[in-house]
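>>> Sequence unavailable; structure follows:
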Ligand SMILES: Nc1ncnc2c1ncn2[C@@H]1O[C@H](COP(=O)(O)OP(=O)(O)OP(=O)(O)O)[C@@H](O)[C@H]1O
């Protein structure tokens, strides 16, 4: 069953098409990572899903409720961690969570929720003095109130230290285990790779790729990178390497030669070209495409013509 569905969803701000014909479909129980560079349209999408910004075209439903006419109902059943969460400085963490619990007509114990996000010790502190990470944890505790069916988290790990980011991942996993669906936007490839079932990548208001992480990686025609330790770098060696048909680029920092090769190109000609110049080869390292490389490739459009991941233009 679809928990989030949009059809040709659009939003313009003056001349800017912030979201430009978005078809999303997120299934129950999924952890869906929503990625894209700055200004790609992620927050605008989330704001439309939650009824904070009206669409200029298209339609959408969350939990079968219309995003334009039934947003109160949607927010009642959804836990939200907004991008720019602002605290009431003079209210304690407990008061914030009590407010969230009341709004949801729920019966959660604020102390338990705050303990869960690692703020047990700060429960009666005024939140005006909270650090960025503590504020983010407080926002998460509020989002968890009432065991929502759907969690929409806008950049949940921003401001969190590595422990906080790990705890955030753990909480997301626990929420999905109890039956929730999680939709979150992120710039953290590490975070996304660690927990997402599927990712959608936005670029200039459009969904330009959508798949599982393994699917994206396997469908991605990636060059391989070689790092070759050398005892010297004669003048001609880089030029000769660049002259090889399968070599995209060759650089050096005098201790290593870094070679970018066409996908699955044989490496032997590279080594023989280097050795022919009287160079002794030492340590050899290889690197395959990371999610980071993939993201860069998809969102900058480089090699997109040969990129066989699902592309919706
Ligand atoms: N209220 C607004 N008024 C005018 N333009 C806006 C408004 N909100 C968003 N935009 C524009 O819409 C585009 C998409 O912005 P959006 O905030 O949705 O991107 P994003 O993917 O969330 O970016 P980031 O990763 O930086 O948060 C940008 O060009 C932005 O300047």
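Received it, and whenever you're ready, just let me know what you need. Please read all numbers here as calculations on a predicted model, not as lab measurements.

>>> which residue sits closest to residue 89, ignoring its sequence neighbours?
The shortest distance from residue 89 to any non-neighbouring residue, by CB to CB, 6 or more residues apart in numbering, is to residue 128 (2.9 Å). The C-beta positions use only the backbone N, C-alpha and C, and glycine is treated the same way.

>>> ok but the one you found is inside a helix, no?
Yes - under DSSP: H, G, I helix; E, B strand; the rest coil, residue 128 falls within a helix.

>>> That one and residue 86 touch, don't they?
No - in this structure, residue 128 is not within contact of residue 86 by CB atoms under 8 Å, at 10.7 Å.

>>> Residue 295 belongs to a helix, doesn't it?
Yes - counting by three-state DSSP, residue 295 falls inside a helix.

>>> burial count for it?
Residue 295: 20 surrounding residues under other CB atoms under 10 Å.

>>> Show me what from the chain comes close to the ligand.
Within the chain, the positions lying close to the ligand (CB under 6 Å from any ligand atom) are 13, 16, 18, 36, 38-44.

>>> And the residues you listed, which two are furthest apart?
13 and 36 (16.4 Å; CB to CB).

>>> Neighbour count for the two, which is higher?
residue 36 (25 against 11).

>>> got a list of what the more buried one touches?
42, 185, 201-203, 299 (CB atoms under 8 Å, 6 or more residues apart in numbering).

>>> How about residue 169?
Contacts of residue 169 by CB under 8 Å, 6+ apart are 191, 194-195.

>>> beta partners for residue 199?
residue 33, residue 211 (DSSP bridges).

>>> dump the residue contacts of it.
Counting by CB under 8 Å, 6+ apart, residue 199 touches 32-35, 192, 209-213, 216.

>>> which stretches of this structure have low pLDDT?
219-223, 288-289, 301-313 (pLDDT under 70).

>>> Centroid-nearest residue for it?
Taking CA atoms, centre = their mean, the centroid of the chain lies closest to residue 186, which sits 3.4 Å from it.

>>> Can you tell me how far that one is from residue 12?
25 Å (CB to CB, to the nearest Å).

>>> just to revisit the earlier point, comparing residue 128 and residue 86, which residue is more hemmed in?
Between residue 128 and residue 86, counted using other CB under 10 Å, residue 128 has the larger neighbour count: 12 against 9.

>>> Identify the residues contacting that one.
87, 89-90.

>>> Of these, keep whichever come out buried.
residue 87 (16 or more other CB atoms under 10 Å).

>>> next one: stretch 52-67 to chain centre, how far?
Mean-position distance between stretch 52-67 and its chain equals 22 Å (CA atoms, centre = their mean, to the nearest Å).

>>> Sorry, wrong one. I was asking about stretch 37-48.
12 Å.

>>> nearest to residue 279, of the contacts of residue 169?
For these, the nearest to residue 279 is residue 194 (40.2 Å; CB to CB).

>>> Kindly list the longest helix within this structure.
When the chain is parsed with DSSP state H, its longest helix is helix 162-177.

>>> Just checking the distance from that one to the centre of its chain.
15 Å.

>>> and if you look at stretch 87-97?
29 Å.

>>> Can you measure across it, start residue to end residue?
Taking CA to CA, to the nearest Å as the measure, stretch 87-97 stretches 11 Å from start to finish.

>>> after the helix or strand harbouring residue 225 comes which helix or strand?
Assigned by DSSP states H and E, residue 225 belongs to strand 224-230. Next along the chain after strand 224-230, taking DSSP H and E as the criterion, comes helix 235-243.

>>> Which strands or helices does that following helix pack on?
strand 247-252, strand 256-261, helix 268-276 (3 or more CB pairs under 8 Å, 6 or more residues apart in numbering; DSSP states H and E).

>>> Minimum distance to residue 178: which of these has it?
That would be strand 256-261 among those, by CB to CB, at 45.5 Å.

>>> which of the residues in that closest one are buried?
256-257, 259-261.

>>> picking up where we left off before, got the phi and psi for the residue nearest to the centre of the chain?
Per-residue torsions, residue 186: phi -160, psi 150 (degrees, to the nearest 10).

>>> Next up, the contacts around it.
Applying CB under 8 Å, 6+ apart, the residues contacting residue 186 are 33-35, 155-157, 192.
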